[in-house]
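Trainee: Just a sequence and a predicted model for now, questions to come.
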Amino acid sequence: SRDKADMIGYWTFTDILEEFKAGISHFHGGFGLINRDGIKKPSYYAYYLLNKLGKEVLQEGEDHIVTRSRSEIQILSYNYAYFDEAFKSGDTSLLSHEERYRTYAGEVDKILDFKINVSPGSYLVKRYRLDRENGSAFDKWVNMGMPEDMTKEEVEYLKGVSRPTIKTEKVEAESQINLSSILPPHGTELITIRKSR
C-alpha cells in the first residue's frame with residue numbers, strides 16, 4: 001500500500017555484519033542487498049527497478065503498477081510467491097543450503113497483458129527482467145557447483161550475471177501498444193515505453 005508510506009528503508013545494505021563470522025557461506029541467506037563479496041542480490045535490483053518508476057500512477061493492481069514520468073511510461077509487474085503453510089508454521093525441513101525454493105506454495109507462471117494508449121508514432125520498448133534465470137546470483141552460484149572458496153574470476157563472473165536482463169525493441173503504434181509479460185514465480189519485469197526520435 002504505497003499510499004500509507006512516504007518512503008521505505010532497508011535494515012542492512014550488505015551481508016557484512018558484526019554478528020557473522022568471516023567464514024560464513026557466500027550465499028547464507030543474509031538480509032543484505034549485497035553479499036559479502038559485493039555481489040548484488042535480486043533485492044538490490046528490486047529497489048533499482050522501483051527507482052525507475054514515474055511519480056504519476058496510471059494504473060495498479062495486486063501484481064503490477066503503471067506509472068508515467070514526463071516522457072516515458074513504466075510498467076512494473078511481478079509474480080510474488082507466498083510461503084507454504086508448513087514453512088509459515090515453522091517447519092524448515094524442506095529448506096537447505098542449496099534448495100531455497102521448496103517452501104513456496106502454488107508456484108505457477110503468471111501472464112499479464114497491458115494495453116497502453118499512445119499517440120501515433122514509433123516507440124522504444126525496453127524490458128528489464130529479473131527472475132531465477134535472469135539476475136539471480138544465487139542460482140548461478142548453485143549452477144557453478146556452490147564453490148565456497150571462490151576465486152576473483154568466479155566472483156567477477158557472478159557480479160556480471162547478477163543484474164536484470166535488458167531487451168529493447170522498436171514498435172510502431174497508431175493509438176495503442178499491446179504488451180504481455182509472462183512471469184515465472186519470483187519474477188519481475190519493468191517495461192518502459194518512450195517515443196523514438
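Mentor: In hand now; what should we look at?
Trainee: For the rest of this, base every contact and every neighbour count on C-alpha atoms.
Mentor: Fine.
Trainee: How about Lys40, nearest residue that isn't a chain neighbour?
Mentor: Ile34 (4.4 Å; Cα to Cα, 6 or more residues apart in numbering).
Trainee: Check whether the one you found really touches Lys41, as I assumed.
Mentor: Yes. At 5.5 Å, Ile34 counts as touching Lys41 under the criterion of Cα atoms under 8 Å.
Trainee: residue contacts, Gly54?
Mentor: Contacts for Gly54 (Cα atoms under 8 Å, 6 or more residues apart in numbering) come out as 67-69, 73-74.
Trainee: for the protein, what spans make up the strands?
Mentor: 56-61, 64-68, 72-78, 110-117, 121-130, 165-173, 176-183, 188-195 (DSSP state E).
Trainee: Check the offset of the third one from the chain's centre.
Mentor: What separates the centre of strand 72-78 from the centre of its chain is 13 Å, taken as Cα atoms, centre = their mean, to the nearest Å.
Trainee: Contacts for that strand next, please.
Mentor: Taking Cα under 8 Å, 6+ apart as the rule, strand 72-78 contacts 49-50, 52-54, 63-68, 112, 181, 183, 186-195.
Trainee: just the buried members of those?
Mentor: 49, 53-54, 64-68, 181, 183, 186-195 (16 or more other Cα atoms under 10 Å).
Trainee: Low-confidence ranges, this protein, go.
Mentor: The model of the chain has pLDDT under 70 over residues 1-32, 82-88, 91-104.
Trainee: Take the strands of the chain and write them to a markdown table, including distance to Phe138.
Mentor: Listed next are these as a markdown table, based on distance: least, Cα to Cα, whole Å:
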| stretch | distance to Phe138 |
| --- | --- |
| strand 56-61 | 29 |
| strand 64-68 | 25 |
| strand 72-78 | 19 |
| strand 110-117 | 22 |
| strand 121-130 | 13 |
| strand 165-173 | 16 |
| strand 176-183 | 19 |
| strand 188-195 | 16 |
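Trainee: Leaving aside the residues adjacent along the chain, what's closest to the residue most central in space within the chain?
Mentor: Among the residues of the chain, the one closest to the centroid is Leu130, at 4.2 Å (Cα atoms, centre = their mean). Excluding the flanking residues, the one nearest Leu130 by Cα to Cα, 6+ apart is Pro164, at 4.9 Å.
Trainee: returning to that earlier point: which one of the contacts of Gly54 sits closest to Ser122?
Mentor: Closest to Ser122 out of the contacts of Gly54 is Ile73 (14.0 Å), distances taken as Cα to Cα.
Trainee: so what's that closest one closest to, chain neighbours aside?
Mentor: Ile73 sits nearest to Ile193 (Cα to Cα, 6+ apart), 5.1 Å away.
Trainee: what's the answer for Glu174, then?
Mentor: Computed as Cα to Cα, 6+ apart, the closest residue to Glu174 that is not its neighbour in sequence is Pro120, at 4.2 Å.
Trainee: Do I have it right that that neighbour meets Ser175?
Mentor: Yes. The criterion here is Cα under 8 Å, and Pro120 meets it with Ser175 at 5.6 Å.
Trainee: got the buried residues for stretch 67-81?
Mentor: 67-68, 72-81.
Trainee: Many thanks, we can stop here.
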